[in-house]
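*Asks:* Fold the following, please.
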Amino acid sequence: MRFKKKGNIRFFSELPSTQDKAWELISQGSPSGSLVIAGFQTMGRGRQGRIWYSPAGSLCFSLLLFPVSFQRSNSITLSAARALQSALQSELGLETRLKLPNDIYFQEKKLAGIILEVKQDKAVLGVGLNVNCQTGSWPAGICAVSLREILNRRVSRCAILSVFLNNFQKKL
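*Replies:* The predicted model follows:
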C-alpha cells in the first residue's frame with residue numbers, strides 16, 4: 001500500500017468527525033491517499049469510543065488508505081505514531097514519548113492521538129494533534145497539552161502535516 005498517487009485534499013472549517021467524512025468519501029469513490037482536514041471537530045473520537053477534543057487550533061485529519069491487508073493494518077498505527085514523533089522532532093526539536101498503541105505524550109500530558117479504522121480492505125487513519133489550542137478549559141480529568149503551550153508560540157499546522165505525510169510515506 002502506497003499513496004504516492006495523489007488523492008484529493010478536502011479541507012473543512014468544521015466537521016463532526018474527519019473519520020466519518022473520510023468513510024463517506026470512500027463510499028463516493030475517493031482514491032487512496034485522499035486527505036480530510038478540519039479546522040476543528042465537534043464530535044471527534046478516539047479509540048474504544050472515547051471522545052477526542054479538537055477545538056480550533058488543533059490539527060485533525062484523516063487519511064484514506066487502501067488496499068490494506070489485515071496483517072499490514074497492525075503496523076499502520078505504530079508507523080503513523082513514529083512519523084508524527086519524527087515530524088515533531090525535526091520541525092520543533094521536541095522529544096515526545098509514545099504510549100502504545102496510539103498516543104503521543106510530552107512529559108506526562110497527552111499531545112496527540114491516532115486512530116485506525118479498518119473495514120474489509122480499506123482503512124482510515126485519523127490523527128489529532130494539539131497544536132495552537134488552549135487545553136486549560138477542557139473537562140477535568142483530561143491531562144493534555146498543546147505545542148503552543150509547550151513552546152510559548154504559534155506553530156504551523158501545515159508544516160507539521162507536510163513533514164508527517166513525508167515521514168509516514170517512508171515508513172509504510
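*Asks:* mean confidence score for whichever strand in the chain runs longest?
*Replies:* In the chain, with assignment by DSSP state E, the single longest strand is strand 109-119. The pLDDT scores in strand 109-119 average 95.
*Asks:* Find the nearest non-adjacent residue to P67, please.
*Replies:* Leaving aside its sequence neighbours, P67 sits nearest to D121 (Cβ to Cβ, 6 or more residues apart in numbering; 4.3 Å). All C-beta atoms are positioned from the backbone trio N, CA, C, and that covers glycine.
*Asks:* Was I right to think the one you found contacts R72?
*Replies:* No: at 9.9 Å, D121 does not count as touching R72 under the criterion of Cβ atoms under 8 Å.
*Asks:* pLDDT below threshold where in the protein?
*Replies:* Filtered on pLDDT under 70, the chain yields the residue ranges 1-7.
*Asks:* returning to what we had before: touching the following helix or strand past the longest strand of the chain from outside, list them.
*Replies:* Next helix or strand after strand 109-119 toward the C-terminus (DSSP states H and E): strand 122-129. For strand 122-129, contacts defined as Cβ atoms under 8 Å, 6 or more residues apart in numbering pick out 18-19, 22-23, 26, 41, 44, 46, 52, 54, 58-68, 73, 76-77, 80, 84, 104, 111-117, 147, 157, 160, 164.
*Asks:* Check stretch 153-172 too.
*Replies:* Outside of stretch 153-172, the residues that reach it under the criterion Cβ under 8 Å, 6+ apart are 1-4, 35, 37, 59, 61, 63, 76, 79-80, 82-84, 86-88, 90-92, 127, 129, 131-132, 147-148.
*Asks:* Among the residues you listed, the buried ones, what's the ChimeraX command?
*Replies:* In ChimeraX, this line selects whichever of the contacts of stretch 153-172 come out buried by 16 or more other Cβ atoms under 10 Å:
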select :3,35,37,59,61,63,76,79,80,83,84,86,87,88,91,92,127,129,131,132,147,148
